Structures are given as structure tokens and as C-alpha cells.
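K.L.:
just a sequence and a predicted model for now, questions to come.
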Amino acid sequence: MTRVLYPGSFDPVHNGHVEMVETAAGLFEEVVVAALINPSKGGGLFDLEERMALLDECFEHLANVRTTMFDGLVVNLASEVGADFIIKGLRAVSDFESELQMAQMNAAISGVQTLFLPTASRRSFLASRLIREVVRLGGDVSDMVPEPVRLRLEGRLGSGPESNG
């Protein structure tokens with residue numbers, strides 16, 4: 001069985017993430033989606049438990065996807081879950097530069113290889129930090145995030161476009 005690990009902060013999960021997981025679910029026998037604490041991204045909007053609940057809701061339609069959370073090295077989690085590969089999505093050249101460096105470091109310390117999957121161009125602009133900002137300023141992100149995420153974001157950051165009114 002080929003199992004892959006898709007790690008990320010997912011704060012919040014958006015449709016680009018969903019696309020990556022759906023693509024991976026079609027390519028591999030099992031996908032483990034892991035919400036991680038990313039020290040370089042600050043404390044986060046949602047805690048790990050909230051992100052896990054949202055991931056579970058967003059991927060319940062995929063039988064070969066399971067979710068977990070982790071605080072530490074991704075390669076340790078890859079070993080723990082028995083992942084054959086780590087997968088990462090690429091939106092732009094800038095993603096490739098940073099992700100390649102991480103992939104090389106991960107391979108050097110653990111031997112686990114990283115596979116890169118490009119996102120669809122119609123979702124290449126999606127970034128969790130931008131989505132948080134749009135919602136914070138009252139914008140509509142309903143085409144950018146799954147419905148459970150939109151509801152949770154609006155409850156946390158604002159009431160959406162109807163509040164501009």
C-alpha cells in the first residue's frame with residue numbers, strides 16, 4: 001500500500017488544499033492529512049483541535065483519507081504513520097524554492113522523499129493568510145473555502161459580506 005503524508009498548518013483549510021487531497025486520494029492508496037503547528041506562522045487563528053475538526057469535515061467524503069495533528073518534525077510524523085512519501089502543493093515558483101529546500105532537508109535527515117503536485121491555476125492564488133484577511137475585512141470567501149470553514153471563519157472574524165451593508 002502506498003501511503004502519503006500531506007502536512008500543513010491548514011489555518012484555515014481552503015479549496016486549494018481540498019484539491020490537493022482529492023488529487024492525492026486518486027493517486028495513492030492512503031492519504032494522511034496532518035495539521036501541524038508552524039512556529040514561523042505564529043499562534044494561528046484556529047487551535048489544532050479546531051483545525052482537525054474542520055479537516056475531518058472537509059475530507060469525510062474521501063474513504064482513503066485520514067487526518068491527524070502533530071507538533072514536531074514532519075519526517076518523524078512520516079515515520080510514525082508509515083508514509084512512503086510526503087506530498088506538497090506548488091502554487092508558484094516561490095513555493096518551489098522553499099519547498100525544495102525543505103524536501104532536501106527531509107531527505108537528508110530521514111530518507112523520506114517529497115513529491116510535488118501543482119495546483120490548478122484557478123486556485124493558485126489561494127493562501128490561508130489572505131483568506132483570513134479577506135474575512136477579517138468583511139469580504140466573501142465562499143468560493144475559496146469549504147462551507148464549514150466559511151461558517152467558522154465568519155463566526156471568528158466577522159459576519160461576512162452582508163455586514164457591509
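P.N.:
Cool, the structure landed.

K.L.:
so where's the protein uncertain?
P.N.:
Along the chain, the parts satisfying pLDDT under 70 run over 38-43, 158-165.

K.L.:
make it 50
P.N.:
Along the chain, the model assigns pLDDT under 50 to residues 160-165.

K.L.:
and the helices in it?
P.N.:
For the chain, the helices defined by DSSP state H cover 15-27, 48-58, 74-81, 93-110, 128-136, 147-157.

K.L.:
so which bits of the first one are buried?
P.N.:
Buried residues in helix 15-27, defined by neighbour count with 16 or more other Cβ atoms under 10 Å: N15, G16, H17, V18, E19, M20, V21, E22, T23, A24, A25. To be clear about C-beta, it is placed using only N, CA and C from the backbone, and glycine gets the same treatment.

K.L.:
what do you get for the second one?
P.N.:
Taking 16+ other Cβ under 10 Å as the neighbour-count basis, helix 48-58 is seen to contain the buried residues L48, E50, R51, M52, L54, L55, E57, C58.

K.L.:
which one of the residues you listed is nearest E154?
P.N.:
L54 (13.3 Å; Cβ to Cβ).

K.L.:
so what's the closest one up against?
P.N.:
Contact analysis of L54 by Cβ atoms under 8 Å, 6 or more residues apart in numbering lists F10, P12, V13, F46, P146, P148, V149, R152.

K.L.:
count the neighbours of the first one for me.
P.N.:
To tie it back to what came earlier, the one meant is F10. 26 (other Cβ atoms under 10 Å).

K.L.:
do the same with the second one
P.N.:
Close neighbours of P12, defined as other Cβ under 10 Å, add up to 28.

K.L.:
do the fifth one as well
P.N.:
The criterion is other Cβ under 10 Å. On that basis, P146 has 20 neighbouring residues.

K.L.:
now render the contacts of L54 as TSV, adding distance to I109.
P.N.:
Formatted as TSV, those follow (distance: Cβ to Cβ, whole Å):
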residue	distance to I109
F10	24
P12	30
V13	27
F46	29
P146	34
P148	36
V149	33
R152	35
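
K.L.:
what's the most distant pair in those?
P.N.:
Maximum pairwise distance in these, criterion Cβ to Cβ, is 13.7 Å, between F46 and P146.

K.L.:
T67 bridge partners, please.
P.N.:
Using DSSP bridges, the beta-bridge partners of T67 come out as V33.

K.L.:
and the contacts of L54, which is closest to M105?
P.N.:
For the contacts of L54, the nearest to M105 is F10 (21.3 Å; Cβ to Cβ).
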